[in-house]
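>>> mind looking at a prediction? Sequence and model below.
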Amino acid sequence: MDIHTARRRTLYPEIKPYQTGMLEVGNGHSLYWELSGNPDGKPVVFLHGGPGGGSSPDHRRQFNPDKYKILVFDQRGCGKSTPYASLDHNTTWDLVEDIEKLRTQVSKVDKWQVFGGSWGSTLSLAYAETHPERVTELVLRGIFLFDQYEIDWMYKEGGASQVYPDKFAEFLAPIPEDERGDLVEAYRKRLTSDDKAEQLAAAQAWSKWEGDIVTLLPSPSTIEHFTAPGTAVAVARIENHYMANHGWLAQGQLLEGAKKLRGIPGVIVQGRHDTCTPPMAAWTLKQAWPEVELNIIPDAGHLFSEPGNLDALVRATDKFAD
């Protein structure tokens with residue numbers, strides 16, 4: 001049956017975690033985590049986007065709760081993890097180590113499915129390429145390989161700015177013209193300012209730009225969520241911190257490391273009209289990892305909650321559950 005004409009899958013019904021807690025991971029960081037679904041089910045870890053985006057109750061609903069043991073957590077500095085919006089000891093490789101600690105100390109499983117979208121896809125790849133023996137499958141959405149062209153697409157003239165020139169003008173507005181040659185650095189200065197008002201204004205402008213481009217159709221509720229002070233500061237500070245440091249990844253590192261994924265089943269869900277993480281990265285990853293199933297969704301942008309993306313993601317988790 002053609003999945004584009006069949007009835008679309010949607011989120012599973014709301015469920016509450018059966019266990020929650022905080023895990024100390026060192027250097028003052030403590031991670032909020034929750035386990036949902038079936039304690040004896042197929043283990044999966046959900047890696048949220050951002051960096052700094054935090055988790056939501058809907059994230060656990062992408063998995064059949066009767067079949068999956070679902071671990072969702074807030075990465076360093078965001079959501080309910082502490083300290084809030086902290087950039088200290090907050091790198092890709094710190095997070096990879098955190099995932100292993102969660103596997104052994106919280107989920108207490110030998111292997112698990114790794115599921116991540118957007119920045120979560122980057123982190124999933126970094127983790128799977130470091131610990132391939134711990135991964136049963138990968139389910140990825142909105143591939144971001146952290147190559148320079150992807151950073152430039154978002155934060156320089158000539159990429160997403162060509163599709164959303166009016167929104168990009170709003171993104172430029174807080175930055176003086178003589179600093180616009182390097183917007184990541186210009187925003188970094190303001191997002192790390194001791195002036196909390198300046199920090200919040202920069203955070204809301206940074207986050208609004210992302211909120212403007214992540215959906216195929218305009219979504220006022222998405223903008224409201226991205227610009228809420230509690231969300232914007234963590235998202236903007238941590239995301240900018242990662243962009244400024246190139247994700248602590250060498251150019252092409254994740255693509256080169258994809259050879260370590262050979263033999264691991266995987267599904268990529270990629271919106272055709274994703275202007276946050278354009279489809280080229282997913283296509284390139286598919287060439288390096290031929291076994292992965294690539295689904296380019298013709299009527300979707302970036303967010304997991306868009307109907308076409310969500311349908312394909314739930315189909316993927318259902319397939320692997322069975």
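The structure has been received and is ready for your questions.
>>> okay, strands next: where are they in the stretch 151-300 of the chain?
266-271, 293-297 (DSSP state E, counting those that start in this stretch).
>>> quick one: closest of those to residue 281.
Nearest to residue 281 among the strands of the stretch 151-300 of the chain is strand 266-271; the distance by C-beta to C-beta comes to 8.4 Å. Every C-beta, even on glycine, is put in place using the N, C-alpha and C of the backbone.
>>> chain center to the closest one: distance?
Relative to the centre of its chain, strand 266-271 is centred 13 Å away, using C-alpha atoms, centre = their mean, to the nearest Å.
>>> closest to residue 236 out of the strands of the stretch 151-300 of the chain?
strand 266-271 (23.0 Å).
>>> packing partners of the closest one?
For strand 266-271, the elements it packs on are strand 135-141, helix 280-288, strand 293-297, helix 307-321, judged by 3 or more C-beta pairs under 8 Å, 6 or more residues apart in numbering; DSSP states H and E.
>>> one more pass at 10 Å, please.
Judged by 3 or more C-beta pairs under 10 Å, 6 or more residues apart in numbering; DSSP states H and E, strand 266-271 is in contact with strand 112-117, helix 119-130, strand 135-141, helix 280-288, strand 293-297, helix 307-321.
>>> same question for the shortest one: list its buried residues.
In this case it means strand 293-297. Neighbour counts over strand 293-297 (16 or more other C-beta atoms under 10 Å) mark 294-297 as buried.
>>> so which of those comes closest to residue 197?
For the buried residues of strand 293-297, the minimum distance to residue 197 (C-beta to C-beta) is 40.3 Å, reached by residue 297.
>>> isn't the closest one up against residue 311?
Yes. Using C-beta atoms under 10 Å, residue 297 is in contact with residue 311, at 8.0 Å.
>>> can you convert the helices and strands packed on strand 266-271 into CSV and add a column each for mean pLDDT and distance to residue 259?
Shown next, in CSV, are these (pLDDT from 0 to 100; distance: least, C-beta to C-beta, whole Å):
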stretch, mean pLDDT, distance to residue 259
strand 112-117, 98, 17
helix 119-130, 98, 9
strand 135-141, 98, 14
helix 280-288, 98, 7
strand 293-297, 98, 17
helix 307-321, 98, 22
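>>> out of these, nearest to residue 252?
Of all the helices and strands packed on strand 266-271, it is helix 280-288 that lies closest to residue 252, at 9.8 Å by C-beta to C-beta.
>>> just to revisit the earlier point, got the buried residues of strand 293-297 as a markdown table, with distance to residue 167 columns?
As requested, the buried residues of strand 293-297 are arranged in a markdown table below (distance: C-beta to C-beta, whole Å):
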| residue | distance to residue 167 |
| --- | --- |
| 294 | 29 |
| 295 | 28 |
| 296 | 24 |
| 297 | 23 |
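>>> between those, which is closest to residue 319?
Using C-beta to C-beta, residue 295 is the member of the buried residues of strand 293-297 that lies nearest residue 319, at 11.5 Å.
>>> so what's the closest residue in space to the closest one that isn't next to it in sequence up against?
The spatial neighbour of residue 295 that comes closest, neighbours along the chain excluded (C-beta to C-beta, 6 or more residues apart in numbering), is residue 312 at 4.8 Å. Residue 312 sits next to 3-4, 8-9, 139, 141, 267-271, 293, 295-297, 300, 304 when contact means C-beta atoms under 10 Å, 6 or more residues apart in numbering.
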